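> Here is the input, now give the coordinates:
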Amino acid sequence: MNEAKYIWMNGKLLPWHDAKIHVLSHTLHYGNGAIEGTKAYKTPKGYAIFRLNDHTKRLIESAKMTLITVPYTVEELNRAQIELLKANEFTGENVYLRPIVYLGYGVMGVYHKEAPVEVAVSAWEWGAYLGEEGMKRGIRLKISSFSRPNNKSNMGKAKAVANYLNSQMAKFEAVEAGYDEALLLDDEGYVAEASGASFFMIKDGEIITPPNDNSLASITQKTVIEMAENMGMKVTRRKITREEIYVADEAFLTGTAAEITPIREVDARVLGAGGRGPITEKIQSGYFDIVCGRNPDYDHYLTYIN
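Have a look, this model is predicted:
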């Protein structure tokens with residue numbers, strides 16, 4: 001990965017290789033922690049973090065869901081991310097930020113109440129999550145044999161560390177089978193989300209995306225819905241079956257890392273003309289106009305750091 005100079009850890013900037021934890025840190029063994037994925041883009045006014053406050057608020061809410069009290073406020077963590085970006089003196093087109101709340105060293109056993117709460121933020125330059133070619137040509141998607149756990153046994157609304165084992169297994173299965181990404185269904189057989197992104201499909205000009213019944217409430221998904229509706233497009237949120245996907249005209253994934261990634265094929269079924277469709281391209285272009293500071297109507301979503 002692209003290393004940076006510093007990592008923010010418990011209120012201090014530490015050199016990248018000095019940001020270390022004990023091997024008996026509680027989260028390392030039992031998986032209880034919360035993470036975020038936030039992104040800064042180079043704009044005409046310098047770097048700007050997209051929807052910083054929304055991401056930081058979700059981090060703290062995710063930690064609360066998993067019974068972890070974060071020892072910092074939203075405002076303090078926002079300042080930490082800005083401070084880290086400035087200190088690292090990045091020069092690339094975009095920077096990914098990864099805040100994490102985790103349980104540190106001092107307690108072992110499943111009961112975690114007395115474990116110390118630690119907070120860190122890392123940042124590094126990161127290109128297209130699913131590849132530059134995928135952003136233009138589209139990716140191949142496999143519907144996974146793994147499903148998203150139901151709400152009786154899992155907290156899908158939390159961006160929790162432990163939730164990503166499910167995603168990791170689905171992603172590995174898809175890649176080993178020759179695909180780029182996995183799509184997971186819920187326990188009733190309807191589309192939930194990809195391993196780390198939300199799903200959209202287009203049929204007869206209508207944009208359709210599933211509700212977040214047992215999946216993370218995606219900030220990028222919410223942004224795309226708002227943007228598409230402001231462009232005059234029809235957007236519907238409803239359950240989606242796999243059969244509908246196979247005959248979709250277009251499809252794409254959304255997420256902080258995935259951004260707007262077109263899908264050209266699902267389970268060996270070619271979608272539309274087999275590439276990035278015209279509506280997807282319009283959504284993709286509009287999204288980058290927003291995050292790169294080229295659309296003043298959405299400037300309130302940007303936190304400029306210079």
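> What is the burial count for the residue nearest to Glu114 when sequence neighbours are not counted?
Distance criterion CB to CB, 6 or more residues apart in numbering; nearest residue to Glu114, sequence neighbours excluded, is Val107 at 4.9 Å. Placement of C-beta: from N, CA and C, glycine included. Residues contacting Val107 under the criterion other CB atoms under 10 Å number 16.
> Likewise for the one 4 residues further on?
As a burial measure, Tyr111 scores 9 neighbours (other CB under 10 Å).
> So for it, what's the pLDDT?
What the model reports as pLDDT for Tyr111 is 97.
> repeat for Gly156
89.
> I'd say it and Ala217 touch.
No - assessed by CB atoms under 8 Å, Gly156 is found out of contact with Ala217, at 9.4 Å.
> Neighbour count: these two, which is higher?
In this view Gly156 and Ala217 are compared by other CB under 10 Å, and Gly156 has more residues nearby, 23 against 14.
> How about that one: what's its closest non-neighbour residue?
Here the residue nearest Gly156, using CB to CB, 6+ apart, is Asn214, at 4.3 Å.
> What strand or helix carries the one you found?
According to DSSP states H and E, Asn214 maps onto no helix or strand at all.
> Just to check, it is in contact with Met155?
No - Asn214 is not in contact with Met155 according to CB under 8 Å; the separation is 9.2 Å.
> picking that back up, so who does the residue nearest to Gly156 touch?
148-151, 154, 156, 186-187, 192 (CB atoms under 8 Å, 6 or more residues apart in numbering).
> mind running it again at 7 Å?
Asn214 is in contact with 148, 150-151, 156, 186, 192, counting by CB atoms under 7 Å, 6 or more residues apart in numbering.
> which stretches of the stretch 201-306 of the chain have low pLDDT?
Residues of the stretch 201-306 of the chain meeting the criterion pLDDT under 70: none.
> Strands of that one, start to end?
Using DSSP state E, counting those that start in this stretch, the strands of the stretch 201-306 of the chain run over residues 206-209, 235-237, 250-255, 259-266, 269-270, 302-304.
> With the stretch 1-150 of the chain instead?
Going by DSSP E, counting those that start in this stretch, the stretch 1-150 of the chain shows strands at 6-9, 12-15, 33-35, 38-43, 46-50, 94-103, 117-125, 139-147.
> Export those as CSV, with columns for mean neighbour count and mean pLDDT.
Formatted as CSV, those follow (neighbours: other CB atoms under 10 Å; pLDDT from 0 to 100):
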stretch, mean neighbour count, mean pLDDT
strand 6-9, 22, 98
strand 12-15, 13, 98
strand 33-35, 23, 98
strand 38-43, 21, 97
strand 46-50, 21, 97
strand 94-103, 22, 98
strand 117-125, 20, 98
strand 139-147, 20, 98
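> For those strands, give me TSV that also has distance to Thr209.
Formatted as TSV, these follow (distance: least, CB to CB, whole Å):
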stretch	distance to Thr209
strand 6-9	34
strand 12-15	39
strand 33-35	23
strand 38-43	20
strand 46-50	19
strand 94-103	23
strand 117-125	29
strand 139-147	15
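> Where does Ala192 fall, secondary structure wise?
Going by DSSP H and E, Ala192 is part of strand 191-194.
> Tell me which strands that strand pairs with, and in which orientation.
Here strand 191-194 is paired, per DSSP bridges, with strand 181-185 (antiparallel).
> What's the mean pLDDT across the partner strand?
Averaged over strand 181-185, pLDDT sits at 98.
> which ones are touching Glu118?
10, 102, 104.
> Nearest residue to Met169 in space, please, no chain neighbours.
Excluding the flanking residues, the one nearest Met169 by CB to CB, 6+ apart is Phe146, at 5.5 Å.
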